[in-house]
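A.B. asks: Quick one, what's the 3D model for this:
(chains A and B)
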Amino acid sequence: ELKVEQNPLFLSMQEGKNYTIYCNYSTTSDRLYWYRQDPGKSLESLFVLLSNGAVKQEGRLMASLDTKARLSTLHITAAVHDLSATYFCAVDTGNQFYFGTGTSLTVIP
Amino acid sequence: NAGVTQTPKFQVLKTGQSMTLQCAQDMNHEYMSWYRQDPGMGLRLIHYSVGAGITDQGEVPNGYNVSRSTTEDFPLRLLSAAPSQTSVYFCASSVDGELFFGEGSRLTVL
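C.D. replies: Model (predicted):
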């Protein structure tokens, strides 16, 4: 059974601080995705990582993929309140997508 | 740009009732899928389709049926609703692996 584990599950951080969310998965895959979900809303695509060593950045968020370690990271730089949301990673095994349980991020002023 | 449209947004059912969640996309995506989201469990794949006439089971297919008669539509049918099917359901279509989600349908089974 494929497992996708995120940690931490809950993260409370002060504005201006840096932090990293980790996503480990248990199968071989070169395709990993990050999504954001605001409370009561749908999921929004953040990053598409399609090969080992892929790095994508958008604003204060940067995602990377190490397929050999089966690890992706989502790094937050100088957090702001608008980044408060739940972040999910998802692994693509061909036609099936497996999601992590999510990291609920709260940025405190 | 409509994207992925789900209806209804909210539904309350009694145990044993049947219903269909509708999903339509206007992006001409071949791949469509249904997920359920439960607290603390992320999203789990119910069924997916790689094109009209082709469907397959995901991680949690029991109690659900799907069909794909057109590229645009991918309805999810609950045959005999159970309280364990209380959840938020998301439909998504995909191109090159990136998923585009509908707004979600919140289903409560009493």
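A.B. asks: what secondary structure does A:Tyr98 sit in?
C.D. replies: strand (DSSP: H, G, I helix; E, B strand; the rest coil).
A.B. asks: Once you drop chain neighbours, what's closest to B:Val66?
C.D. replies: B:His47 (4.3 Å; C-beta to C-beta, 6 or more residues apart in numbering or on different chains). Glycine gets a C-beta too; all of them are placed from N, C-alpha and C.
A.B. asks: mind checking pLDDT for the one you found?
C.D. replies: The model reports B:His47 with a pLDDT of 98.
A.B. asks: tell me, how many neighbours does it end up with?
C.D. replies: As a burial measure, B:His47 scores 23 neighbours (other C-beta atoms under 10 Å in any protein chain shown).
A.B. asks: Which residues does it form beta bridges with?
C.D. replies: B:Trp34, B:Gln57 (DSSP bridges).
A.B. asks: Put the alpha carbons of stretch B:31-49 into CSV.
C.D. replies: The C-alpha coordinates for stretch B:31-49 follow below in CSV (Å, rounded to 0.1, in the frame of the first residue of the first chain):
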residue,chain,number,x,y,z
TYR,B,31,-8.5,12.4,-17.2
MET,B,32,-11.2,12.9,-14.5
SER,B,33,-11.4,11.6,-11.0
TRP,B,34,-13.4,11.6,-7.8
TYR,B,35,-12.0,12.0,-4.2
ARG,B,36,-13.5,12.1,-0.8
GLN,B,37,-12.0,14.2,1.9
ASP,B,38,-12.4,13.2,5.5
PRO,B,39,-10.8,15.0,8.6
GLY,B,40,-7.3,13.9,9.2
MET,B,41,-7.1,11.6,6.1
GLY,B,42,-6.3,13.9,3.2
LEU,B,43,-8.0,13.1,-0.1
ARG,B,44,-8.6,9.5,-1.2
LEU,B,45,-9.3,8.5,-4.7
ILE,B,46,-12.6,6.8,-5.3
HIS,B,47,-12.8,6.3,-9.1
TYR,B,48,-11.0,7.7,-12.1
SER,B,49,-11.4,7.8,-15.9
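A.B. asks: Show me which residues of it are buried.
C.D. replies: Buried residues in stretch B:31-49, counted by 16 or more other C-beta atoms under 10 Å in any protein chain shown: B:31-37, B:42-49.
A.B. asks: Show me how far that stretch is from its chain's centre.
C.D. replies: Remark: stretch B:31-49 is offset 7 Å from the chain centroid, using C-alpha atoms, centre = their mean, to the nearest Å.
A.B. asks: again with stretch B:56-70
C.D. replies: Taking C-alpha atoms, centre = their mean, one finds stretch B:56-70 lying 8 Å from the centre of the chain it belongs to.
A.B. asks: Can you show me the CA trace of that stretch as PDB?
C.D. replies: C-alpha atoms of stretch B:56-70 as PDB (Å, rounded to 0.1, in the frame of the first residue of the first chain):
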ATOM      1  CA  ASP B  56     -11.300   2.300 -13.100                       C
ATOM      2  CA  GLN B  57     -11.300   1.900  -9.300                       C
ATOM      3  CA  GLY B  58      -9.200   4.000  -7.000                       C
ATOM      4  CA  GLU B  59      -8.400   3.500  -3.400                       C
ATOM      5  CA  VAL B  60     -11.900   3.500  -1.900                       C
ATOM      6  CA  PRO B  61     -14.400   2.500  -4.500                       C
ATOM      7  CA  ASN B  62     -16.900   0.400  -2.500                       C
ATOM      8  CA  GLY B  63     -20.400   1.900  -2.500                       C
ATOM      9  CA  TYR B  64     -19.800   4.100  -5.500                       C
ATOM     10  CA  ASN B  65     -20.300   3.800  -9.200                       C
ATOM     11  CA  VAL B  66     -19.200   6.000 -12.100                       C
ATOM     12  CA  SER B  67     -19.600   6.200 -15.800                       C
ATOM     13  CA  ARG B  68     -18.000   8.300 -18.500                       C
ATOM     14  CA  SER B  69     -20.200   8.600 -21.600                       C
ATOM     15  CA  THR B  70     -18.700  12.000 -22.700                       C
END
